[in-house]
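Engineer: Here's a sequence, model it:
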Amino acid sequence: MTGAVSRVAVVGTGRMGAAMAVRLSERGHDVVALFNRTRAKADAVAETTGSTVVDTPREAAERADVVVVSLGDDDAVTHTYDGTDGLVAGLRSAAVIVETSTIDPQTVRDMRPAVEATGAALLDAPVSGSVALVEKGELTFMVGGDAEPLGRAQPVLEALAKRVLHVGASGAGAAMKLAVNAVVMGVNQVLSEALVLAEASGVQRSDAYEVFASSAIASPFVQYKRAAFERPEETPVAFSLDLVLKDLTLITTLAQRLGVAMDQTATNRIVAQGAVDAGLGERDMSAIAGFLRKE
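Structural biologist: Now for the predicted structure:
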């Protein structure tokens, strides 16, 4: 393991949070506390890590030097940080929060004063990568915030990542994640459209995807989403359409705030909304192809 061992709490044990907790434990970090609003999810992770499951975010923060947060949206983040049982109330002086949730950059900036008033630091550090990359320690972190707390959190990040990129001040990491997701969701949309076009022209789905995977468009996304596109009913959900719509809404809202034109992303959001309205919200993002077939 690279660097010193830290006492780590993980707040939010969904797919990514659970995988990060397990990876950190395997790499020798002391995962001292787990918190999840649905306690059963944290209990399942604790069976692997031997960690203590706590009842409030405050209790998690009270035990840790580094708090890794992985939550679904801005409302969940705000609720988790605020209040007498919230994360901020339990922070130790000199603790570092590593906020990996995909949220509005302004939410990060709004949270920072309360965190810093305790003597702790807040890094917005969302990631590029899947659960499989967490398990290999091959995530890419894009970090916003000050360099000094990043240095203290570095050993924890390096247990999870192949690259840790400091992209700017508070909020820059969150903004960079939205920029990355705009590209990912654009690729997902056009790949879905192209696959449906090929099928409608009489090309077998697997043959069409083999061409995509062997051509100039053969990006990592095209490769690792192959099973999801070819065999959607057999492949576990990696990134749900509900979350796709949430992120596309964040992206278009940020673009409007900054006066940036993102016409393709706006169109992608309309399609994602249609798929969610059709009852596909819990399906993987690749289900856009199935939605387009029916359309």
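Engineer: Flag the shaky bits of this protein, pLDDT-wise.
Structural biologist: 1-5 (pLDDT under 70).
Engineer: please redo it, this time with the cut-off set to 90
Structural biologist: By pLDDT under 90, the low-scoring segments of the chain are 1-6, 130, 295.
Engineer: mind checking how far the closest residue to Glu62 other than its chain neighbours is from Val54?
Structural biologist: In this structure, Glu62 finds its nearest non-sequential neighbour in Gly90, 4.1 Å apart by CB to CB, 6 or more residues apart in numbering. Heads up, the C-betas are built off the backbone N, CA and C, glycines and all. Separation of Gly90 from Val54 (CB to CB, to the nearest Å) stands at 10 Å.
Engineer: Now do the shared contacts for the two.
Structural biologist: Ala60 (CB atoms under 8 Å, 6 or more residues apart in numbering).
Engineer: The residue nearest to Glu62: how many residues sit nearby?
Structural biologist: Burial of Gly90, expressed as a neighbour count using other CB atoms under 10 Å, amounts to 24.
Engineer: just checking, Gly274 touches Phe291?
Structural biologist: Yes. With contacts defined as CB atoms under 8 Å, Gly274 counts as touching Phe291 at a distance of 6.9 Å.
Engineer: which one of these two has more residues nearby?
Structural biologist: Set side by side, Gly274 and Phe291 show unequal neighbour counts under other CB under 10 Å, the larger going to Phe291 at 21 against 15.
Engineer: and that one, what element?
Structural biologist: Of the helices and strands defined by DSSP states H and E, Phe291 is found in helix 287-294.
Engineer: tell me what that helix is packed against?
Structural biologist: Using 3 or more CB pairs under 8 Å, 6 or more residues apart in numbering; DSSP states H and E, the elements in contact with helix 287-294 are helix 172-200, helix 263-275.
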